[in-house]
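Enquirer: Give me a 3D structure for the following:
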Amino acid sequence: MTGSGRNRLPDGWTCHSFDELGSTMDAARDMAESGAPDRTVVRAGRQTGGRGRQGRPWTSESGNLYLTAILREMRPLSDCAQLSFAAALAIGDTVDHPGTRFKWPNDVLIDGKKIAGILLEGGGSPATDGWVLIGIGLNVAHHPEETIFPATDLTAEGRAQPLDALFRRVLEGIDHWRAIWHKDGASALQNAWMDRAHGLGQTIRARTGKSEMTGRFDGLDGDGALLIRGDDGITHRITAADVFF
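Expert: Numbers count the residues shown, from 1 in each chain. The predicted structure is shown next:
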């Protein structure tokens, strides 16, 4: 453990920072289950067991930003899925690039290339000790090659910033968009996300574990599910899938 990082944090946050860690998500889950308070964040300089959606390995060498925030929410975990949009918006504000777009369900892109990924997990009882983990990996100094989706990093895009400054801005963004969610509801997050949605109105392929569907990306429903209008004119609701353009 390298220190609390309190001097670099927005008010109300507590950080557990490590030079190297297996996974910030795993460490944060242990802390959440042990009673860590709202707005606790785990940060690692390098991860040896980082992962993305569906357990895919996430390349986590030094130089990029890896963190997991613990948030306490006394509401159903299904509602808390909206925090994925809050995290994407926070990253978009942090990156501050005109080509930033959001790819459903959990990626942030610059000019069509992945710059960051988000992973959400939840647990506990919403009535007493519910928790949500927001895992974020932001490519700053380097990015993986030969991946399913093209990737990039802030240095390659001419937007390199000190890691500590990026870290603070991400947390400030989470605070900002979470407060909007609390005040104005899910639609406020979704509308802001849709303003920078990648591929809206385009033909996309949504690949689930069992099937694949092609159609026009028509937006999101009130729960944040993907809406695809098929060739048959029927709008289909997708809750989990890999999306290709």
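Enquirer: all helices in the protein, in order from the N-terminus.
Expert: In the chain, helices defined by DSSP state H lie at 24-33, 77-80, 83-95, 163-184, 186-194, listed in chain order.
Enquirer: tell me which residues in the third one are buried?
Expert: Judged by neighbour count (16 or more other C-beta atoms under 10 Å), helix 83-95 contains these buried residues: 83-92, 94-95. C-beta here means a position set from N, CA and C on the backbone, and glycine is covered the same way.
Enquirer: list the helices and strands that helix packs on?
Expert: strand 100-103, strand 107-110, strand 113-123, strand 131-138, helix 163-184, helix 186-194 (3 or more C-beta pairs under 8 Å, 6 or more residues apart in numbering; DSSP states H and E).
Enquirer: one step back: greatest separation within the buried residues of helix 83-95: which pair is it?
Expert: The most widely separated members of the buried residues of helix 83-95, counting by C-beta to C-beta, are 83 and 95 (18.5 Å).
Enquirer: Relative to residue 25, how far out is the closest residue to residue 174 other than its chain neighbours?
Expert: Nearest non-adjacent residue to residue 174, counting by C-beta to C-beta, 6 or more residues apart in numbering: residue 90, 4.8 Å away. Distance of residue 90 to residue 25, given as C-beta to C-beta, to the nearest Å: 17 Å.
Enquirer: what does residue 108 give?
Expert: Residue 108 sits 18 Å away from residue 25, going by C-beta to C-beta.
Enquirer: Those two: who's more crowded?
Expert: Legend: neighbour count by other C-beta atoms under 10 Å for residue 108 and residue 25, higher for residue 108 (27 against 24).
Enquirer: partner residues bridging that one?
Expert: residue 102, residue 116 (DSSP bridges).
Enquirer: show me the contacts for it.
Expert: Applying C-beta atoms under 8 Å, 6 or more residues apart in numbering to residue 108 gives the contacts 88, 91-92, 95, 100-102, 114-118.
Enquirer: ok, residue 195 to residue 189 distance?
Expert: 11 Å.
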